[in-house]
Each structure stands twice: as C-alpha cells, then as structure tokens.
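Peer 1: What would the 3D arrangement of this be:
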Amino acid sequence: MTRVTIKTIAEAVGVTHGTVSRALRDDPRVRQETTKLVKQKAAELGYRPSRVGRALKTRKTGTLAIVLSYAHDPFYSQVLQAVHDRLFPLEISLFVAATEHDPARQKVTAEILSERMVDGVFVCCLPGMTEPFLQLSKTLPVVTINCDPQIYPYSVYHDDFKAMGDCLKMLTRKGHRKVGYLGAQNGGFAQRTRLDAFNKFCRELSLHPIVRTSQDVKIEVGAEAMETWLEKDELPSALVCFNDTMAIGAMNACRKKGLRIPEDISLVGFDDIEMAAYLNPGLTTYSQPRYEMGRIAAEMMLALQSGKTPEAPVCLSGKLIERETVAHTP
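Peer 2: Sure thing, here's the model as predicted:
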C-alpha cells in the first residue's frame, strides 16, 4: 500500500507542497477555503503526519519508555494501563523494557534509550535509580515509580511503612504472636522499607519476629524459599510475604508439606494483584493503588515534558484487603 504524503495531497488538490504543509498547520497565510479543502482531502486519503519528520523539526519523538524489573510481573499491569490511558489520546507511544535485575542489562537499556531519542523514561524496576539511570536522568526527564525518593525526587511511591504496620496490627488483633517476614534480596527501596517497618512494629507490638530472605520476587523462588524454611526452621503462626507472587509460591510449598492455610499457618501478601482474589483460599494482601500511581506518574512526566516543575515526590496510601488466608489463633 502506497503511503499518503504531503506530495500526494498537493497533487490531488492542485497546490504546492508548501501550501499543504502550511494549511495542515492552520497557517493564516493560507486562505480558509484552501485550508478546508486540504484538510478534507487529507482525511479522505487517510493522511498521517510523519513522526520522523515531526521529530526532526520539534526534536520530540512522541515516544516515552518504561523500564520494568520483569515484563511478566503482574504488579505492573495497572501501572502500565494507567500510563497508556493517559498517553494514548496524545498520540504518545510507550516503549517497554525489562532489566531482569541484571546490572549489565540496566546499563545497556539506559544506553539504548538514550540512543533511540525517547522523550522521557519511567523507571519502576525494583533496584530503582541505579547509576545507569541516574546518568540518563541528566539528559532526559525521568519519573520513578516505587523507587527511593531521596535518591531521585520525581517519584511516585507507596507508603510501605504504614502498610506493614497495618498488616502486623491486624495479625496481632487475631491473636498472632510469632510472625514471619519473607523478603526479597533484590527488593530495593520497597524491601528496605518493609523490613524496617516489620522490625519496628514487631518491637512495639511485642511480637516474636522471624525474618528470612529469598533471592528474587518470582513465584517459583518464593516457593523454594518457603520449602527451605519448612525443612530447617521454626514456623511462625503467620507469615507476611514481600509480594503476592512470593505469597502464592509460599502457599504452594505449604500445601506440598501438608500444611493447611490458614488453619496451620496464616499468609499475607503485598500488592493485591488480580489473581489474589481468585485463589483458594483468597489471599489477604495489602492493596497498592497501582492505577493511580501510573496516572500520577504520567502527569508528572507530561509536566516535565512541557518545562514545568511538578510537585514531587508523591506518596500514596493503599489499604489492607482481608480475605481467607488469615485465621484467628488462640
């Protein structure tokens, strides 16, 4: 199929290329009748402006990038949806990259984004603003999601400290005194915040804490970490996991060992991903406002694109969603 260009429209209308170009920009030097005719013909022919040509003139590519930890991580689904919903009406494309928690990939990803001339970058991978992305932020607008706001200010993040406190207070009300936390070594800012809160609130609530850490945040790694825990250590009566995927893995490991949930051990996740409500039993979890995080991040990016200084950082609070994986204990 032949691409419709300004030349195609000019030939169809019988005017010069320059007249078509000016008419499409509503240049007052072109008569209104000609402008109307040019636009009608452009619509009939299905003309779309060249992004390459527009980029050369405006130095804007109309493309933003978002960097994730894993492309398959369900946490990002609503974040991505919110960013896309805000950008799509503006005809801004979204390029997605995943670093897999690999420092080499982070470096290469930052270099590629710089070379491809994207207009800005959202960083929401768990390690946060590592050196490659800090360097990138010197030349491009960058907005982070759930990264340390003290390292980089244009940030939207969740109040994980309060969230962990809410989880432990709920478990205390249900009679739990020996409580575990299954964290993630590569959890970055979220892991540090949740672990600090876990230790603080355990002291304040006179709970007996047990902390174990997995290497990653994936379902299978959570299962492996829980299997090791079940073989070697004393079990808590309730376990808070770094995120829902790890909690799902832990649930599977417990079942394989013949443990009943929540009768033998209670489980709490983080994030409230879509599948959490459809598990059997339904997973008790702390819901982060993921769509709102993405929406605010998009607004922050658009402000930076227009040369404004957005109010930042922005901290959001979620809520505890109680389902069936937590039981009262004597």
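
Peer 1: From residue 299, how far out is residue 174?
Peer 2: Applying CB to CB, to the nearest Å, the value for residue 174 to residue 299 is 39 Å. C-beta: built from backbone N, CA, C; applies to glycine.

Peer 1: again with residue 12
Peer 2: Applying CB to CB to residue 12 and residue 299 gives a distance of 41 Å.

Peer 1: can you map out the helices along the stretch 101-250 of the chain?
Peer 2: 103-115, 131-136, 160-173, 188-204, 219-232, 244-256 (DSSP state H, counting those that start in this stretch).

Peer 1: will you turn those into JSON lines that also has distance to residue 81, mean neighbour count and mean pLDDT?
Peer 2: Shown next, in JSON lines, are the helices of the stretch 101-250 of the chain (distance: least, CB to CB, whole Å; neighbours: other CB atoms under 10 Å; pLDDT from 0 to 100):
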{"stretch": "helix 103-115", "distance to residue 81": "21", "mean neighbour count": "16", "mean pLDDT": "90"}
{"stretch": "helix 131-136", "distance to residue 81": "23", "mean neighbour count": "18", "mean pLDDT": "93"}
{"stretch": "helix 160-173", "distance to residue 81": "22", "mean neighbour count": "19", "mean pLDDT": "98"}
{"stretch": "helix 188-204", "distance to residue 81": "21", "mean neighbour count": "18", "mean pLDDT": "96"}
{"stretch": "helix 219-232", "distance to residue 81": "22", "mean neighbour count": "18", "mean pLDDT": "91"}
{"stretch": "helix 244-256", "distance to residue 81": "17", "mean neighbour count": "23", "mean pLDDT": "96"}
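
Peer 1: Turn those into TSV, including distance to residue 142.
Peer 2: Listed next are the helices of the stretch 101-250 of the chain as TSV, based on distance: least, CB to CB, whole Å:
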stretch	distance to residue 142
helix 103-115	10
helix 131-136	6
helix 160-173	21
helix 188-204	15
helix 219-232	29
helix 244-256	26
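
Peer 1: who wins for proximity to residue 283 among the ones you listed?
Peer 2: helix 244-256 (6.0 Å; CB to CB).

Peer 1: Pull that closest one out as PDB, backbone CA atoms only.
Peer 2: Provided in PDB are the C-alpha atoms of helix 244-256 (Å, rounded to 0.1, in the frame of the first residue of the first chain):
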ATOM      1  CA  ASP A 244       1.700 -11.600  46.200                       C
ATOM      2  CA  THR A 245       3.700 -13.700  43.800                       C
ATOM      3  CA  MET A 246       6.000 -14.900  46.600                       C
ATOM      4  CA  ALA A 247       3.000 -15.500  48.800                       C
ATOM      5  CA  ILE A 248       1.500 -17.700  46.100                       C
ATOM      6  CA  GLY A 249       4.700 -19.600  45.900                       C
ATOM      7  CA  ALA A 250       4.700 -20.000  49.700                       C
ATOM      8  CA  MET A 251       1.100 -21.200  49.700                       C
ATOM      9  CA  ASN A 252       2.100 -23.900  47.200                       C
ATOM     10  CA  ALA A 253       5.100 -25.000  49.300                       C
ATOM     11  CA  CYS A 254       3.000 -25.200  52.500                       C
ATOM     12  CA  ARG A 255       0.400 -27.400  50.700                       C
ATOM     13  CA  LYS A 256       3.000 -29.800  49.500                       C
END
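
Peer 1: start at 24 instead
Peer 2: Fine by me, first position is 24 from now on; the one you just mentioned is helix 267-279.

Peer 1: Might you report the residue contacts of residue 97?
Peer 2: 267, 268, 294, 296, 297, 298 (CB atoms under 8 Å, 6 or more residues apart in numbering).

Peer 1: at 6 Å instead, please
Peer 2: Going by CB atoms under 6 Å, 6 or more residues apart in numbering, residue 97 touches residue 296.

Peer 1: quick one: pLDDT of it?
Peer 2: Note on residue 97: pLDDT of 91.

Peer 1: In terms of helix, strand or coil, where does it fall?
Peer 2: Classification of residue 97 by DSSP: H, G, I helix; E, B strand; the rest coil places it in coil.
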